[in-house]
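K.L.:
Sequence and predicted model, in that order:
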There are 2 protein chains.
Amino acid sequence: MPTIVPVLLSGGSGTRLWPLSRKSYPKQFAPLTGDMTLFQAAAGRVAGPGFASPVIVTNADFRFIVAEQLQAVGIDPGAVLIEPEGRNTAPAILAAALHVAATTPDALMLVCPSDHVVPDAAAFRAAVEAGRGAAEAGDLVTFGITPTRPETGYGWLELSATPDGLAPVPLARFVEKPDLATAQRMFDAGSYLWNAGIFLFSVRTILAAFAAHVPDMLDPVRRALDEARPDLGFLRIAPDPWGQAEAISIDCAVMERAANRAVVPFAGGWSDLGDWQAVWREAGPDAQGNVLSGPATAIRCEGSLLRSEAPGLELVGLGLRDIIAVALPDAVLVAHRDCAQEVKEAVAAMKARGADQAESFPLDHRPWGWFETLVLGDRFRVKRILVKPGGVLSLQSHHHRSEHWIVVAGTAKVTVDGEARLVTENQSVYVPLGSVHRMENPGKVPMVLIEVQTGAYLGEDDILRYEDAYARG
Amino acid sequence: MPTIVPVLLSGGSGTRLWPLSRKSYPKQFAPLTGDMTLFQAAAGRVAGPGFASPVIVTNADFRFIVAEQLQAVGIDPGAVLIEPEGRNTAPAILAAALHVAATTPDALMLVCPSDHVVPDAAAFRAAVEAGRGAAEAGDLVTFGITPTRPETGYGWLELSATPDGLAPVPLARFVEKPDLATAQRMFDAGSYLWNAGIFLFSVRTILAAFAAHVPDMLDPVRRALDEARPDLGFLRIAPDPWGQAEAISIDCAVMERAANRAVVPFAGGWSDLGDWQAVWREAGPDAQGNVLSGPATAIRCEGSLLRSEAPGLELVGLGLRDIIAVALPDAVLVAHRDCAQEVKEAVAAMKARGADQAESFPLDHRPWGWFETLVLGDRFRVKRILVKPGGVLSLQSHHHRSEHWIVVAGTAKVTVDGEARLVTENQSVYVPLGSVHRMENPGKVPMVLIEVQTGAYLGEDDILRYEDAYARG
């Protein structure tokens, strides 16, 4: 029985869930509906018997987040392909197919977005299993979601027959996002399902489909993969040929043109969490229609979502109706629920004003851990820095600042001008302006230190790197 | 011509403007409508020719805030009376009258709340001058605000004649907060004004009125003042006799019972900023009815107040109508404007849950300056500490924590186990657990340092004080 290789598409940067989802750390990496992030849950859904290690397709900015989040849930990726730039789903899936074909040409591929919610993983795996036969027989299998409302925000799938259980049904056609009347008609008809963008096919079938329907895409993607550069466990796709591949979705490039298409109906619950309205709906509103999380208080509110995303941030709603309020220490969104789709517009307005919050978080993820600015004053900055076990910062110096480091957890190995020493909780180190220094965590637990910088210029770009374990510039 | 002694009542702790106004630092000390705080503006309105130095009545928690805010605007208080506990306005005004009588028995007293907005200070002073004659002649003069709407949230004054300019008119009676129909009738009648709680009378007149209408109050307040203890420039009223004075408003105790009453009509603009609705109104909504302050963005909003109270905190409103959103890094209020009066209830709910934000700010004012916690972790805490020029912290030690101090602005004099030294920008000091230490600012500019505490217990109550310049326990 051919193995199923999960392919997780994780390069998206959904901004409609701002301020929790930002370009630098988008929603698939956030724990939106539970303890696990959407990406971790997506990977977990397709792990276990019958599944090979997953292939992840992401971009350079997210590579260490992907690695860290998979490690945290004990999943070893088969490969992490780094797109030099996002060119929609077709080139990404083709690259994954070519990569899989090189080692397991008989495999099936299960292509999944990594930012959706599927609460019942077992039901999902049963649906995948129900599609196996058709996929092995050469069909392009897609999974259609049993609709629960006449949704105008999704594409729909018209089936050639009314579905019965999990049995695959031939696909009649794709329907673009409909108007409400059309959505209602499809919802009532019973033979229309939502298009979730989840696919199962054999590697041979999809490669043949690419060759038949978008033959010009094959050459640049193949070359981009042939010239790909392995880098610390990631596979960096070559930029020049990659940029020649048409930026197009798998639906437009292949699925809408192919004849060998089948749909497995899936009634086990699904959401794309496409906006805050969807998050509110999926979280299960209480009797008053409210959803609260974090330290939030609702008084005489109805139909509202109140999310505080920080333990020390009190959010109070008073007399609200159908309001979404999402509070972080650096950014707060308050929106009418009917305007949830328009959050993108607010993000664009902030970006135009030059507000960092439009795209970035105060907490900055790096390959060795993360840091955040606690306070930025006149001529000083205070950071909290966490270095993962084994993490090594670059060997560096600064022209404009001195640094005081105080270790508050774990043990650091600190090198200043060639002299190394171990520094542990409640010990400090002074790094004078101009000195060549490095910080690393030789221990088994995370090391946390407080860095106090003083100087006339404190930008992140005042750094001279001499050596870097992570091949950064 | 008798001098006018302003008496500013500043002991209130309005919670209806939470999260900007909290018990520990209430609205009169916040810059709600301009650069100056309401208290500073109130003091500035009654400073200058014709006015003596003001007498402030406040409580122990606010005494250093009062001193600091007056100093910042260059006003020297005649006296700062510290109430051991708030007992409403009558005892406070009586105490002020007795205090003034001791030195200037011929003076007039102008009693003002310190948390109101009067945009036109010159017009206000003209109204005060218009009341002088009546006050010198022995009237209890109150200032009535020309109403701009049928407000049900205020008490009203019924005049015995329709006012004409600033000429004092005898007061017929006080009207308690009315229902809407009554408010509309009074608004239409033209001979009713709002009661603003601002009074002008001679010291002799008010003392005679207290003796006539609440004779039992005289003895405890006089004794409490006789036994008052001078303390670093403040006058601490004695708690035991003070506690025997009836807790009652000046309106109920004196004004409603007296016969010699006159009202000066004031049409120059006034607000008690009693809730966020009032703040929205006073700020002057734009064409869409919105008021924005700080880094706030409004998209398709109407009639809404969006206030971000921190430079690094982006607040976005989207599709809102008649919503108040006030964001601080530790607390966010989102309320329908019609519910502005109910904010108190939200604060009570938070307090019941034990949330510090109900009553306190992260920034803690002390006589020597202030501090704030930047981050509280497991076994560590990072604080930013500002010490004013001349400020001296107590000589102290801790049982459970060590401290690292890094000076980032100004110069500190640091004493650790008897050894003193000067520490300046970019220098650090280590204070081991158990050592007896003190920090002071001997310089001419504020000293800022970052304190990193490590230890198993980091509560503010792990402190042994050996000496304290500010007579604290």
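P.N.:
Received it, and whenever you're ready, just let me know what you need. Keep in mind the model is a prediction, meaning the values are calculated, not measured. Residues are numbered from 1 along each chain as shown, chains lettered A, B, ... in the order given.

K.L.:
Break down the stretch 201-350 of chain A into its helices, ranges please.
P.N.:
A:203-213, A:215-226, A:239-244, A:250, A:276-282, A:343-352 (DSSP state H, counting those that start in this stretch).

K.L.:
would a markdown table of those helices with mean pLDDT be doable?
P.N.:
Below are the helices of the stretch 201-350 of chain A laid out as a markdown table (pLDDT from 0 to 100):
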| stretch | mean pLDDT |
| --- | --- |
| helix A:203-213 | 98 |
| helix A:215-226 | 97 |
| helix A:239-244 | 96 |
| helix A:250 | 96 |
| helix A:276-282 | 94 |
| helix A:343-352 | 93 |
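
K.L.:
so which of these gets nearest chain B?
P.N.:
Smallest distance to chain B across these (CB to the nearest CB): 4.6 Å, for helix A:343-352. C-beta here means a position set from N, CA and C on the backbone, and glycine is covered the same way.

K.L.:
how about the closest one: buried residues?
P.N.:
Of all the residues in helix A:343-352, those buried under the rule 16 or more other CB atoms under 10 Å in any protein chain shown are A:343, A:345, A:346, A:347, A:349, A:350.

K.L.:
ok, so of those residues, who is nearest residue B:233?
P.N.:
Top of the list for closeness to residue B:233, among the buried residues of helix A:343-352 and by CB to CB, is residue A:350 at 47.2 Å.

K.L.:
Nearest spatial neighbour of the closest one, chain-adjacent residues omitted?
P.N.:
residue A:358 (4.1 Å; CB to CB, 6 or more residues apart in numbering or on different chains).

K.L.:
isn't that neighbour right next to residue A:347, touching?
P.N.:
Yes. If you go by CB atoms under 8 Å, residue A:358 and residue A:347 touch, sitting 5.2 Å apart.

K.L.:
shared neighbours of those two, anything?
P.N.:
Residues touching both residue A:358 and residue A:347 by CB atoms under 8 Å, 6 or more residues apart in numbering or on different chains: residue A:18.

K.L.:
For the residue of the stretch 51-200 of chain A found nearest chain B, give me the pLDDT.
P.N.:
Per CB to the nearest CB, residue A:153 is where the stretch 51-200 of chain A lies closest to chain B, at 16.6 Å. Per-residue pLDDT puts residue A:153 at 88.

K.L.:
So it sits against residue A:274, correct?
P.N.:
Yes. Assessed by CB under 8 Å, residue A:153 is found in contact with residue A:274 at 6.2 Å.

K.L.:
Specify the local secondary structure of residue A:76.
P.N.:
coil (DSSP: H, G, I helix; E, B strand; the rest coil).

K.L.:
just residue A:128 next, same as before
P.N.:
Residue A:128 - assigned by three-state DSSP - is helix.

K.L.:
Tell me who's in contact with it.
P.N.:
Residue A:128 neighbours (CB under 8 Å, 6+ apart): A:4, A:46, A:110, A:143, A:200, A:264.

K.L.:
Walk me through the domains of chain A.
P.N.:
A:4-266, A:276-352, A:363-467 (automatic domain parsing).

K.L.:
Quickly find the element holding the residue of the stretch 1-150 of chain A found nearest chain B.
P.N.:
Per CB to the nearest CB, residue A:19 is where the stretch 1-150 of chain A lies closest to chain B, at 7.6 Å. If you go by DSSP states H and E, residue A:19 is not part of any helix or strand.

K.L.:
Any idea how many residues pack against the residue nearest to it when sequence neighbours are not counted?
P.N.:
What sits nearest to residue A:19 in space, not counting adjacent residues and going by CB to CB, 6+ apart, is residue A:331, at 3.8 Å. Counted by other CB atoms under 10 Å in any protein chain shown, the residues lying close to residue A:331 total 27.

K.L.:
try the one 3 residues further on
P.N.:
Using other CB under 10 Å, the number of residues around residue A:334 comes to 28.

K.L.:
One more: residue A:251?
P.N.:
19.

K.L.:
Can you tell me the element the nearest residue to it once chain neighbours are set aside falls in?
P.N.:
Ranked by CB to CB, 6+ apart and with sequence neighbours excluded, the top spatial neighbour of residue A:251 is residue A:174, at 6.2 Å. Assigned by DSSP H and E, residue A:174 belongs to strand A:169-175.
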